[in-house]
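>>> Got a sequence here, can you build the structure:
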Amino acid sequence: MDYKQKIADLIAAAVDNQLTADQISAKIEVPKTLDLGDYAFPAFMLAKILRKAPQAIAQDLVAKLPQDGFEKIEAVGPYINFFLDKQAYSQEILQNVLTAGTHYGDQNLGYQGNVPIDMSSPNIAKPMSMGHLRSTVIGNSIAELLKKTNYKPIKIDYLGDWGTQFGKLIQAYKMWGNEADVKNDPINTLLKYYVHFHEEADKDPELNDKARAWFKKLQDGDQEATELWQWFRSESLNYFMKIYKELGVEFDSFNGESFFNDKMDEIIELLREKNLLKESQGAQIVDLDKYDLNPALILRSDGGTLYITRDLAAALYRYRTYNFKQSLYVVGSEQTGHFQQLKAVLKEMGYDWSDDIKHIPFGLITSGGKKLSTRKGRVILLENVLNDAVDLAYKQIEAKNPDLANKQEVAHDVGVGAVIFHDLKNDRMNNFDFDLEEVVRFEGETGPYVQYSHARAMSILRKANMDIPTDQAYALDDPEAWETLRLLGDFPATVKRAVEEYEPSVIAKYAIHLAKAFNKYYAHSRILTDDEQKASRLAMVKSLTIVLKESLRLLGVQAPDEM
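All right, here's what the predicted structure looks like:
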């Protein structure tokens, strides 16, 4: 049952529907401490309508409201506090979780609608840095959340495999490149050339003109330029796949920017047909004054295309291919202006489906407070971070549980999971500084802490060695268990909120709260004591393992049974 909705309906009826249940529901709060009830309604919003002091309204409503399903309802100043019937609630929640299993929290919000997700999108010939982590794991988690709510996510790795930077790389290779060096260590060698190019271009701006000329050759199908580009792309993709395997992330499409090279002519023709293209200093633009946006630059003065030209082609291709319900772009917040322009140009072209395009922005990962930059050579390589995290997890497992059978596998799940969880527990829009020692701690608000809580609960179930039939009614009247039970009941609403806000941190924070509540319960209760409540206590522990594991899965994190 949706208890919040039930309370809203009861109050609406008690005030003769002078406010709707939805208006009331929006104001219902969850008190910070359980002694103030499970839900609270502030009567202030009824003062003008009922022409009474909020305290008096609260007293009057308590007298009118039916107590069925509640332990008690009381007025405290201007608040009405609702205390749920703990036995009935625990019976309902445990039954729901145990019966549904991993499907607990599933909802039909999407009706199987397609949702392409543009995510990760590393640049060819550059290593994946910590800067790529956010788009990859946020996009992957959003995809899992969409799947759980009956959408059909389509994960697209829109590779940065086209553009002027490849002219720069080809020019750099022609000047300083060595085939044997590239074959020996492709990504690091190509990165070295790229960084060196920018250092030299600062002294000699003509290098940028030469780079643009090489990219124009690539666009025109020049054999030498094409062969070098294909070589750089192939080596890069092999390297990316290794990282994605470590992260447990898979994709449905690797159509990068180059895929749309032959699809841009149609976009330019459509813009011309609709009289949207204007000349400005030799370049072709779309005026977006009416949207309070800078003009969108579609073609350079030399005829070269830009990011937005390719993104327009990609957007139209995705609509035609997937007939999407939504189209998501999980790209850093610094690109907000670009996506505003993209949507505005599509709107000008008469495509109302542009309203279904959503930019999912996020903040930066910094190191020592400084932004990471490939161009300046200030990079923290993601591959190194994942390897170091696994090593750190292994050392801690070796110290805490040296006899663990599959230490290396668990260390991998814990180390990689720690890096993913740390990213996703932060609100998407927040910047955060990365500190590996802080990330792979087994204590505090970390991934390993949540994983360890799951492993601890699994250990209790193994020790109990007792069947927990799903067709049995379990009711737990232990006050120490109430916080855990309440949180178990909140899981479906938490999933819904995370999907609606495109915010994996909602799930990560929920998992932390649930783990903390369970560990507090574990510290104060004798779960395996043989009495009439033992089966119900174990039913709650089993329910907890289901929900914690599912929460971690939605984040792209494994939940080892032992640690």
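>>> quick one: contacts of the helix or strand hosting Arg320?
Here Arg320 sits within helix 307-322, counting by DSSP states H and E. Residues from elsewhere that reach helix 307-322 (C-beta atoms under 8 Å, 6 or more residues apart in numbering): 114, 116, 118, 154, 156, 158, 162-163, 255, 257, 259-261, 263-264, 266-268, 296-299, 324, 327, 338, 341-342, 345-346, 351, 353-354, 357. C-beta here means a position set from N, CA and C on the backbone, and glycine is covered the same way.
>>> Quick check: Glu562 touching Leu461?
No: here Glu562 does not reach Leu461: they are 11.8 Å apart, not a contact under C-beta atoms under 8 Å.
>>> C-terminal to the helix or strand of the chain with the lowest mean pLDDT, what's the next element?
Here the helix or strand of the chain ranked lowest by mean pLDDT, DSSP states H and E is strand 370-371, holding a mean of 73. Using DSSP H and E, the helix or strand that follows strand 370-371 towards the C-terminus is helix 382-400.
>>> pLDDT of that next one, averaged?
If you average the pLDDT over helix 382-400, you get 94.
>>> May I see the buried residues of that helix?
By neighbour count on 16 or more other C-beta atoms under 10 Å, the buried set for helix 382-400 is Leu382, Val385, Leu386, Asp388, Ala389, Val390, Leu392, Ala393, Tyr394, Gln396, Ile397.
>>> Repeat that for stretch 160-176.
160-173.
>>> Ok, stretch 330-342 next?
Of the residues in stretch 330-342, Val330, Val331, His338, Phe339, Gln340, Gln341, Leu342 count as buried by neighbour count, 16+ other C-beta under 10 Å.
>>> Kindly reformat the buried residues of stretch 160-176 as TSV containing secondary structure.
Converted to TSV, these look like this (DSSP: H, G, I helix; E, B strand; the rest coil):
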residue	secondary structure
Gly160	strand
Asp161	coil
Trp162	coil
Gly163	coil
Thr164	helix
Gln165	helix
Phe166	helix
Gly167	helix
Lys168	helix
Leu169	helix
Ile170	helix
Gln171	helix
Ala172	helix
Tyr173	helix
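>>> so which of these would you say is closest to Asp471?
Gly160 (53.8 Å; C-beta to C-beta).
>>> could you point out where the chain is predicted with low confidence?
372-378 (pLDDT under 70).
>>> let's go with 80 and repeat that
For the chain, applying pLDDT under 80 flags the ranges 1, 304-305, 367-379.
>>> which residues are in contact with the longest helix seen in it?
In terms of residue count, the longest helix belonging to the chain (DSSP state H) is helix 223-247. With C-beta under 8 Å, 6+ apart as the test, helix 223-247 has contacts from 120, 122, 124-128, 136-137, 140, 157, 159, 161, 166, 169-170, 173, 182, 186-187, 190, 214, 217-218, 250-251, 254, 258, 382-383, 386, 416, 420, 556.
>>> same thing with stretch 45-64?
11, 14-15, 18-19, 23-24, 27, 42-44, 73-80.
>>> Quote the end-to-end distance of it.
Start and end residues of stretch 45-64 are separated by 18 Å (C-alpha to C-alpha, to the nearest Å).
>>> Just the buried residues of that stretch, please?
Leu46, Leu50, Pro54, Ile57, Ala58, Gln59, Asp60, Leu61, Val62.
>>> Likewise for stretch 233-250?
Buried residues in stretch 233-250 (16+ other C-beta under 10 Å): Arg233, Glu235, Ser236, Leu237, Tyr239, Phe240, Ile243, Tyr244, Glu246, Leu247, Gly248, Val249.
>>> try stretch 247-266
247-249, 251, 253, 255-261, 264.
>>> All set now, cheers.
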